[in-house]
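Engineer: return a 3D structure for these sequence lines:
(chains A and B)
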Protein chains: 2
Amino acid sequence: MKADTRERRDLTALLKPASVAIVGASEDPERIGGRPLRYLIQEGFKGRIFPVNPARKSVQGLESFASVAAIPESVDLAVIAVAADKATASLEQCADKGIKAAVVFSAGFAETGAAGRALQDRLSEIARDSGMRILGPNCLGIYNSAIGFYATFTATLQSGLPKPTGVGLVSQSGAYGSHVSLLAIRRGIGVRYWITTGNECDVELGECIACLAADPDVRVIVAYAEGIRDRDALLNALSLARSQGKPVVFMKVGRSDIGAEAATSHTAALAGTDAIYDAVLRQFGAYRAGDTEELLDVTYACAQGVLPKGPRVGFLTISGGVGIQMADAAVAAGLDVAAMPDAARERLRALLPFAATRNPVDATAQVFNQPELIDGFLDIMLECDEYDAIVVFLTYVAAAASMVSPVRRAIENAHAKYPERLIALVIVAPEEIVRDYEQAGCLVFEDPTRAVRAIAALHRIQRSLQVPATRAQSDAVAPAASLPEAPVGEQEAKRVLARAGVPMVADRLARTPAEAAEAARALGLPVALKIASADIAHKTELDGVRLGIDTAEAAAEAFTALVEGVARRRPDARIDGVLVSPMVGNGIETILGVHRDPVFGPVIMCGLGGVLVEVLDDVSFRAAPFDEAEAQRMVLELKGRALLEGARGRGPYDIPALCAALAALSRFAAAHAEAIESVDINPFVVLPRGQGAVGLDALIVPGRASRRP
Amino acid sequence: MKADTRERRDLTALLKPASVAIVGASEDPERIGGRPLRYLIQEGFKGRIFPVNPARKSVQGLESFASVAAIPESVDLAVIAVAADKATASLEQCADKGIKAAVVFSAGFAETGAAGRALQDRLSEIARDSGMRILGPNCLGIYNSAIGFYATFTATLQSGLPKPTGVGLVSQSGAYGSHVSLLAIRRGIGVRYWITTGNECDVELGECIACLAADPDVRVIVAYAEGIRDRDALLNALSLARSQGKPVVFMKVGRSDIGAEAATSHTAALAGTDAIYDAVLRQFGAYRAGDTEELLDVTYACAQGVLPKGPRVGFLTISGGVGIQMADAAVAAGLDVAAMPDAARERLRALLPFAATRNPVDATAQVFNQPELIDGFLDIMLECDEYDAIVVFLTYVAAAASMVSPVRRAIENAHAKYPERLIALVIVAPEEIVRDYEQAGCLVFEDPTRAVRAIAALHRIQRSLQVPATRAQSDAVAPAASLPEAPVGEQEAKRVLARAGVPMVADRLARTPAEAAEAARALGLPVALKIASADIAHKTELDGVRLGIDTAEAAAEAFTALVEGVARRRPDARIDGVLVSPMVGNGIETILGVHRDPVFGPVIMCGLGGVLVEVLDDVSFRAAPFDEAEAQRMVLELKGRALLEGARGRGPYDIPALCAALAALSRFAAAHAEAIESVDINPFVVLPRGQGAVGLDALIVPGRASRRP
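Structural biologist: Numbers count the residues shown, from 1 in each chain, chains lettered A, B, ... in the order given. I've put the predicted structure just below:
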């Protein structure tokens, strides 16, 4: 976070200004300095508008001023539509006049290299010193459709303006934000606020999300990011949205290495690791869309305001084949295609003897002859209380003149009687018919699979909104005892972690064969022996491990063999002795880890040992710290989780113990965020249910910060 | 295959009739018997049209006949638009008149139960006895848009007819076929033939696909199936399409258990196992679409006729963010986002200094000011010869009046100069502008990710069309020596498989401890001992196995221990002795199997042993028989294939030996299709590259056919 010299204003002046100055106002409504003026005039912006253009007396019919200083009244917000080299001076004048917020369209800043970066740093300084909030530079602006405030030069608004309802959208990219705004408007989705943050010299994504989360007029938040500059701002904003029950539909590009590279070179923001973005967005309750189509489908569905209470979905179709397709898609998306109860099936058959009644329910082409079947079937399906959502596939039939009014009536009845159930129509029809059905109280899709996927997304969002919001700050955790500053040996690493609440196997350092034998007797046979040396990270590769030693004498012999062998292979290594530990058996090997992500800080990793993690990369991540419930969600994301739950006739294993260890490790990592570069606990053995879990080996690498003198 | 009593006609009369009778012709153009008549008249069907309706003198302006017998000329095709109970008599009259083909709309046959099934069997009999080809019953008909032949009552054609080019579509479901036809027409995709097969009493899916594959006017085939009645017809049709270089875009519903159950109850066709459908469709070169949107995208892209020659894709964008999204999608879809060569990047920067030039290439919003940049950039990207396909993201910009003509020119130039390269525009524009760009020689999508996925699909199709077409018939393989009829013991199973070319470990049956010691010496130490009994399938569970025996004396002792132990645990089992085999080490354990699929007959399975197959179900399938090249594609589908290729610092392993064994097993399974229920070879150990592979244990379960007395 920046250290502000003046108190930082909130974003009210940016989102709801009472007056707007346009620096670089143009008479030509197609130019960058002309378009926002045209939109403001045309859309009846209620506040005062002050064109600033020293070369003209008036611009687009409004009195023009030579400078912002020349404006005789106070101004809330200035739009800067001049070249980069003039933007700084303009902003200084705005700050001098006490303008509260500025929107900087100008490009030619950090995105162009070092000189531009320096210029942009000056903008950040102006914002910090004056308290004036600056959006951009290199952005496409902002709009608040409810008050006719359009401080943007995007061309997409020329084909139509949004309804001022529901969605708040914030995008780091102006082009992408415009594309989504256009598609949303065409889809009939209301967009209340639209913000493009560009280079983010001051106002950045997280603060905008928080602002939208707090705004009572916003129902759904859409966010587009290429990188994140302020972790805590983002995570706290997501937590705020969750606590307000508002879905956040999030698009983060750079999934692939090539994409991530392009994202890094495209923006100044940090890229971070995509798998960690994925995990952390989920952890903080955001829904990450995979592509733009999904983003729009889910936003559209959320904006209607009905989230299905559970995973049970019913299908009413006039094509058996599409019914099956939808059922397939629902199962693939994790929904529950529950069967209709027998009594309800009887009632369906009474209406239409040859209907398929299980689910999917197939009313067949007979609905052409008996349109009232739709109302009848839908009512029976809703009344039996099996379904949280119902998808009705009617394709082009719903557009037939004879069908519109009975279908509309069926939807209205269903919506009036069961307002908390989600109803989605899948039809191919002209736009006015689509809007008509939406008015009646349902979602409308053209593609059956997309309808099903959107419902599955809403269900996941609904579940995620049930999770209590958590604070993001790592300072929520009191730092534990300080860590050693040099790389620590295995024994010390185990002690440190055990103190932090991560169970580690008991051990004793033996310095002689006799001590090894004594340790084996004391710890209980059989035992494992491992060479102890801070200089040796990979003991197995140096043949520095002996397992399953089952007598004290054998332990003494193993001591000698180990020390002599390793001394021969690595004469340079300082050998402290041999660690003796009891053997731990019959568990599932997992790997726990901590590493420091450039965006999200300390991140916890959990994977299943062996082929799953090595070949299939089956690991899951969470930002530290988190609690046991979050740890459980983390473990359930593993592809091989069935191993822990008891596949292959073995188990179940002690998942609660694993979760407790993960949560403890996460608190430890958060408390020592700066002092730790990475932690590896490998293997961490999860024993059968009720018997706990225990780490057998550990490595802690101190952070650069703590290694500094 | 049915045993035809008369020679079976081909489908010419069905697809290209010279004259059509409509039995049950109606004056009302909205009724089932009226709509085809209206379409035929309206679309100028060139042949003769004979309404049959005993109650009227004329129907829709044409002379009406009392019966087909009363028609004074010969007739190629009859449409049967009467109730099920009258359809049989009508068809008998058609057959008597020598009509060559009939389309039966009537429902009320096999889909309604046993009585309907009997009625439908009568239709099959009429087809068989007369040689008249019957489409349906319970179908929505057929059209050939090039000759105005519309023997269908689908309402979807009322909003527009297709261009008579490119696509041949065959669907078991009339409703789904209509839905896809409508969407294709709206998308501007030409549909030449459209066939709905309904209950398939005679004409079924495979034969239709073959017919479309052979038709020179068809460029792409779209098929929709709920189940398959004739394996060989389908697979030979797919092979024919492949040999003709025609993509087959296939939709098969019933992926999930619930979907498969619904599919089984919805149609009379066999469901089979979805994973096997998936594998066999791929094996025979069909592209299986996951949903309707993908089906249409891929069909649309194929219909244009340019398949990218390789996986290299370039991106030209005006939004950096969307460029990254597209790169992410391309990497996820297996495409190669190759970087631009340095010299070409220099040339791009000469046109626009601040452009991103690596790939994605970002021309930025500057194209608004310099529309000629699109032509210049596109030409440089094509000229550098790095890309088989290029996606150009212009969103709404391409719809701006000032942009249409420069963008069109850029496409035309690119297409003229590089006709074999695929160019896809991603834009948001009115339909007429979209069609205009398509005419210029490119694909047009609205969603960037869908464009990328379609290109990836085309690339996979292109690769698949390079694979030589194979015959599907299992009789292509000469039967090997006959198999024993009772379940066989491990030793005999290994001999049978080894003779068939699947390498199996050497073994000797020892009947005494001395024989065991002798066998161990002869085979080479160390050895494994396993109890030999045809009554015991799972030897490990009865502690019937000893591994790593390293002296002859130990082998004799192990013999005694094994025999006594198993005799105690299973006193009823007849023990033949103990099998002695050399130990095989240091390989990757796989599992090979054969099982009989209800649709596709003998199917070969390959999986990686241990957790991958048990927890993650990591197996792949192929229909038998197949060659080594197909076996290799099969192995490469395994998620854990990296293990074989040499992950974790071990390997690579002998994949060619594994492929040879799979191909041999597939020939064996095909030759004994009826005699074998299943084969399990577990483990089949793949040794390091060059050292071969060997099965350690095998089980053959004879088929029901061979077990009959």
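Engineer: for the residue most central in space within chain A, which non-adjacent residue is spatially closest?
Structural biologist: Centroid-nearest residue in chain A, with CA atoms, centre = their mean: A:L281, separated by 2.2 Å. Nearest residue to A:L281, sequence neighbours excluded (CB to CB, 6 or more residues apart in numbering or on different chains): A:R288, at 4.9 Å. Yep, even glycine has a C-beta here, placed from its N, CA and C like the rest.
Engineer: can you pull the contacts of that neighbour?
Structural biologist: A:250-252, A:277-278, A:281-282 (CB atoms under 8 Å, 6 or more residues apart in numbering or on different chains).
Engineer: do the same with A:L523
Structural biologist: Neighbouring residues of A:L523 by CB under 8 Å, 6+ apart: A:506-508, A:580-582.
Engineer: check what pLDDT it gets.
Structural biologist: pLDDT, A:L523: 93.
Engineer: quick check: it vs A:S90, distance?
Structural biologist: Separation of A:L523 from A:S90 (CB to CB, to the nearest Å) stands at 74 Å.
Engineer: do the same with A:A532
Structural biologist: In terms of CB to CB, A:A532 sits 66 Å off from A:S90.
Engineer: which one of those two is surrounded by more residues?
Structural biologist: Set A:A532 next to A:S90 and count neighbours by other CB atoms under 10 Å in any protein chain shown: A:A532 wins out with 25 against 22.
Engineer: A:V611: what's it in contact with?
Structural biologist: Per CB under 8 Å, 6+ apart, neighbours of A:V611: B:610-612, B:640, B:643, B:648.
Engineer: quick one, which of these are buried?
Structural biologist: B:610-612, B:640, B:643 (16 or more other CB atoms under 10 Å in any protein chain shown).
Engineer: same list, these, but as TSV with distance to B:L123 please.
Structural biologist: Shown next, in TSV, are these (distance: CB to CB, whole Å):
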residue	distance to B:L123
B:G610	53
B:V611	52
B:L612	49
B:G640	50
B:L643	54
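Engineer: so which of the residues you listed sit within helices?
Structural biologist: B:611-612, B:643 (DSSP state H).
Engineer: tell me the contacts of the residue nearest to the centre of chain A?
Structural biologist: A:238, A:250, A:252, A:287-288.
Engineer: counting neighbours, which of the residues you listed comes out on top?
Structural biologist: A:L238 (28 neighbours).
Engineer: that one sits in which helix or strand?
Structural biologist: A:L238 is located in helix A:231-243, with elements delineated by DSSP states H and E.
Engineer: can you redo the contacts of A:V611 as TSV with pLDDT?
Structural biologist: Converted to TSV, these look like this (pLDDT from 0 to 100):
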residue	pLDDT
B:G610	74
B:V611	74
B:L612	74
B:G640	88
B:L643	88
B:R648	67
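Engineer: turn the residues you listed into TSV, including distance to A:T540.
Structural biologist: Converted to TSV, the contacts of A:V611 look like this (distance: CB to CB, whole Å):
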residue	distance to A:T540
B:G610	21
B:V611	21
B:L612	23
B:G640	23
B:L643	20
B:R648	13
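Engineer: up against chain B, what does the stretch 151-300 of chain A have?
Structural biologist: By the rule CB under 8 Å from any CB of the partner chain, the part of the stretch 151-300 of chain A lying against chain B is A:155-156, A:159, A:171-176, A:178-179, A:182-183, A:186, A:224, A:226, A:251, A:253-259, A:261-263, A:265-267, A:290-293.
Engineer: how does it look with 6 Å?
Structural biologist: A:156, A:173, A:175-176, A:179, A:182, A:226, A:253-256, A:258-259, A:262-263, A:266, A:291-293 (CB under 6 Å from any CB of the partner chain).
Engineer: now do the stretch 1-150 of chain A
Structural biologist: Within reach of chain B by CB under 6 Å from any CB, the stretch 1-150 of chain A has these residues: A:T112.
Engineer: closest approach to chain B from the stretch 1-150 of chain A, which residue is it?
Structural biologist: Of the residues in the stretch 1-150 of chain A, the one nearest chain B is A:T112, at a distance of 5.9 Å by CB to the nearest CB.
Engineer: the residue lying closest to that residue once chain neighbours are set aside: how many residues sit nearby?
Structural biologist: What sits nearest to A:T112 in space, not counting adjacent residues and going by CB to CB, 6+ apart, is B:F354, at 5.9 Å. By other CB under 10 Å, 16 other residues sit near B:F354.
Engineer: B:F354 and A:G585: what is the separation?
Structural biologist: In terms of CB to CB, B:F354 sits 63 Å off from A:G585.
Engineer: now do A:G310
Structural biologist: 41 Å.
Engineer: and the two? which has more neighbours close in?
Structural biologist: Neighbour count, other CB under 10 Å: between A:G310 and A:G585, A:G310 has more, with 14 against 9.
Engineer: so which strand or helix has the more buried one?
Structural biologist: Judged by DSSP H and E, A:G310 forms part of no helix or strand.
Engineer: now it. Nearest residue, chain neighbours left out?
Structural biologist: Using CB to CB, 6+ apart, the closest residue to A:G310 is A:D388 (4.4 Å).
Engineer: tally up the residues packed near A:R569, please.
Structural biologist: As a burial measure, A:R569 scores 13 neighbours (other CB under 10 Å).
Engineer: run a quick neighbour tally on the closest residue to it other than its chain neighbours.
Structural biologist: Leaving out its chain neighbours, the residue that sits closest to A:R569 by CB to CB, 6+ apart is A:L542, at 5.3 Å. Using other CB under 10 Å, A:L542 has 18 neighbouring residues.
Engineer: same check, this time on the one 4 residues further on
Structural biologist: The burial count assigned to A:R546 is 21, neighbours taken as other CB under 10 Å.
Engineer: helix, strand, or coil at it?
Structural biologist: The local conformation at A:R546, judged by DSSP: H, G, I helix; E, B strand; the rest coil, is strand.
Engineer: name the residues linked to it by a beta bridge.
Structural biologist: Using DSSP bridges, the beta-bridge partners of A:R546 come out as A:L529.
Engineer: that one contacts A:A558, correct?
Structural biologist: Yes: A:R546 lies in contact with A:A558 (CB atoms under 6 Å); the separation is 4.4 Å.
Engineer: common neighbours of the two, please.
Structural biologist: Between them, A:R546 and A:A558 share these contacting residues under CB atoms under 6 Å, 6 or more residues apart in numbering or on different chains: A:L529.
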